[in-house]
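Novice: Need a 3D model of the following:
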Amino acid sequence: MNGTIRVGNLFGIPFYIHPSWFLVLGLVTWSYSSGLAAQFPLLSGGLAVLLGLMTALLLFASVVAHELGHSFVAIRQGIDVKSITLFIFGGLASLEKESKTPSEAFWVAIAGPLVSLLLFGSLTAIGFATAASGPLAAILGVLASVNLALALFNLIPGLPLDGGNILKAAVWKITGNPYKGVVFASRVGQIFGWVAVLSGIVPLLLFGSLGNFWNLLIGFFLLQNAGNAAQFARVQEKLTGLTAEDAVTVDSPVVSANLTLREFADQRVMSGENWRRFLVTDDGGQLIGEMSATGYAYAVDNLRIPTAMWSETQVREVMQPISQSTTVQSDQPLLEVVQLLEQQKLSALPVVRKNGVLVGILEKAAVIQLLQSRTQPNPA
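Specialist: Residues are numbered from 1 along each chain as shown. Prediction:
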């Protein structure tokens, strides 16, 4: 989520806040402080605002606890939690990958609502056990009711909500196909999204009322995220069974380290090829470096290699080293490679075999072409 602010770590998990959260914090603080002031007239204005702020922060702490529930179960399954983010619609735990089985996916999904239900029960019990009264009783009641609402709302069986992930796990279990689970749960999520949108639009059109405006926002949120989940699931399904080698570009830009600068210039730079980056291999075909068009210009201009020496200077002498961390194995699942490209914001990656021999270069554009070719119907 772009524009987030990192505020620290929670149990080793990076914790972020989106700027939209501060708007909600202010609205919730104002709402509850106004409610407390109306319910308890003896409260001073300053104290009511302070209690309203404390209530708002405790409510968001409940949201964080909900997300930690998902996170702890995921961690127990060996899944890394990249971050927890608070934003206008609540919280989001970003997981590195999906669970391996439908039962594991179910427990990750149900963990959040279970935490919220546990908080609801605990807060309700504290209220009865302490016989709390006055503002304290009101705050405990609000916290308990919001945690119950948080659990029940998230159990709605449509993505991107927890209930949608539970439904996804159930369909996955029945069909044996996780992507069918995502698509089905996304469609249900879109139905709930349209219901929420209509519940916001109809009162606005008929009565000019903005009372359900929040439903409108939630509806659009569900529609967008459910649609994105379904689209991504279809892409994942098409990539299943493919490896990095399947998407390697034909005639990849590979040059020999023994090539001279003159040969490199004539054969690659001046030949009209569009490549701006060339992979350099040794006699055994192993990847040992890279040579970019800018690197060539640097070698000529900054290293001041005279034209007369171009025929005697080899590419290996001016190439840039390449790290193994920026390569992928030829048998690596293509889906993992695509995710790596997205995470590291790369447009291409070299593909090598386990013995270090270069296969070629994998580009985003080649993956898109491969997906398009797999979606085109075969001629009869």
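Novice: residues making contact with stretch 341-360?
Specialist: Contacting residues not belonging to stretch 341-360 are listed as 244-245, 248-250, 252, 254, 277, 279, 281, 284-287, 290, 322, 326-331, 337, 340, 361-364 [C-beta atoms under 8 Å, 6 or more residues apart in numbering]. C-beta here means a position set from N, CA and C on the backbone, and glycine is covered the same way.
Novice: So which residues of this structure form strands?
Specialist: In the chain, strands defined by DSSP state E lie at 5-10, 13-17, 81-87, 90-95, 254-256, 277-281, 287-292, 328-329, 348-352, 358-363, listed in chain order.
Novice: hey, least reliable of these by pLDDT?
Specialist: The minimum mean pLDDT among the strands of the chain belongs to strand 287-292 (a mean of 81).
Novice: and that one, C-alpha only, in PDB?
Specialist: C-alpha atoms of strand 287-292 as PDB (Å, rounded to 0.1, in the frame of the first residue of the first chain):
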ATOM      1  CA  LEU A 287      27.000 -16.200 -16.600                       C
ATOM      2  CA  ILE A 288      29.900 -14.100 -15.400                       C
ATOM      3  CA  GLY A 289      28.700 -10.500 -15.800                       C
ATOM      4  CA  GLU A 290      26.700  -8.000 -17.800                       C
ATOM      5  CA  MET A 291      27.400  -5.200 -20.300                       C
ATOM      6  CA  SER A 292      25.000  -2.400 -20.700                       C
END
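Novice: List the buried residues in that strand.
Specialist: Using 16 or more other C-beta atoms under 10 Å as the test for burial, strand 287-292 gives 287-291.
Novice: By mean pLDDT, flag the weakest helix or strand of this structure.
Specialist: helix 293-301 (a mean of 52; mean pLDDT, DSSP states H and E).
Novice: quick one on the thing from earlier: which stretch among the strands of the chain comes nearest residue 138?
Specialist: For those, the distance to residue 138 is smallest for strand 90-95, at 22.7 Å, taking C-beta to C-beta.
Novice: where does the closest residue in space to residue 288 that isn't next to it in sequence fall, phi/psi-wise?
Specialist: Distances taken as C-beta to C-beta, 6 or more residues apart in numbering place residue 282 nearest to residue 288, at 5.2 Å, with adjacent residues excluded. The phi/psi pair for residue 282 (degrees, to the nearest 10) reads phi -90, psi -170.
Novice: let's number from 58 now, not from 1
Specialist: I'll keep to 58 as the first residue from here, and by that count the last item is residue 339.
Novice: show me what contacts residue 339?
Specialist: Taking C-beta under 8 Å, 6+ apart as the contact definition, residue 339 lies against 313-314, 345.
Novice: check contacts around the most centrally placed residue in the chain.
Specialist: Centroid-nearest residue in the chain: residue 151, 5.8 Å away (criterion: C-alpha atoms, centre = their mean). Counting by C-beta under 8 Å, 6+ apart, residue 151 makes contact with 138-142.
Novice: May I see those arranged in JSON lines, with neighbour count and distance to residue 208 as well?
Specialist: Below are the contacts of residue 151 laid out as JSON lines (neighbours: other C-beta atoms under 10 Å; distance: C-beta to C-beta, whole Å):
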{"residue": "138", "neighbour count": "21", "distance to residue 208": "21"}
{"residue": "139", "neighbour count": "14", "distance to residue 208": "24"}
{"residue": "140", "neighbour count": "19", "distance to residue 208": "23"}
{"residue": "141", "neighbour count": "24", "distance to residue 208": "18"}
{"residue": "142", "neighbour count": "21", "distance to residue 208": "20"}
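Novice: which one among the residues you listed gets closest to residue 77?
Specialist: Ranked by distance to residue 77 (C-beta to C-beta), those are led by residue 142 at 10.5 Å.
Novice: Touching, that closest one and residue 75? I think so.
Specialist: Yes. Counting by C-beta atoms under 8 Å, residue 142 does reach residue 75; the two are 6.1 Å apart.
Novice: count of neighbours near residue 75?
Specialist: By other C-beta atoms under 10 Å, 19 other residues sit near residue 75.
Novice: shaky segments in this structure?
Specialist: Along the chain, the model assigns pLDDT under 70 to residues 58-59, 325-331, 349-364, 381-382, 431-437.
Novice: Need the single longest helix in it, by residues.
Specialist: Using DSSP state H to define each element, the chain has its longest helix at helix 102-133.
Novice: Show me how far that one is from its chain's centre.
Specialist: Taking C-alpha atoms, centre = their mean, to the nearest Å, the mean C-alpha location of helix 102-133 is offset from the chain mean by 22 Å.
Novice: Now do the buried residues in that helix.
Specialist: Under the neighbour-count criterion of 16+ other C-beta under 10 Å, helix 102-133 has 105-106, 108-110, 112-113, 116-117, 119-132 buried.
Novice: what angle separates that helix from strand 62-67?
Specialist: With axes from the mean of the first three to the mean of the last three C-alpha atoms, to 10 degrees as the basis, helix 102-133 and strand 62-67 are set at 60 degrees to each other.
Novice: thinking residue 149 is in contact with residue 124, fair?
Specialist: Yes. Between residue 149 and residue 124 there is a contact at 7.0 Å, judged by C-beta under 8 Å.
Novice: All good on my end, thank you.
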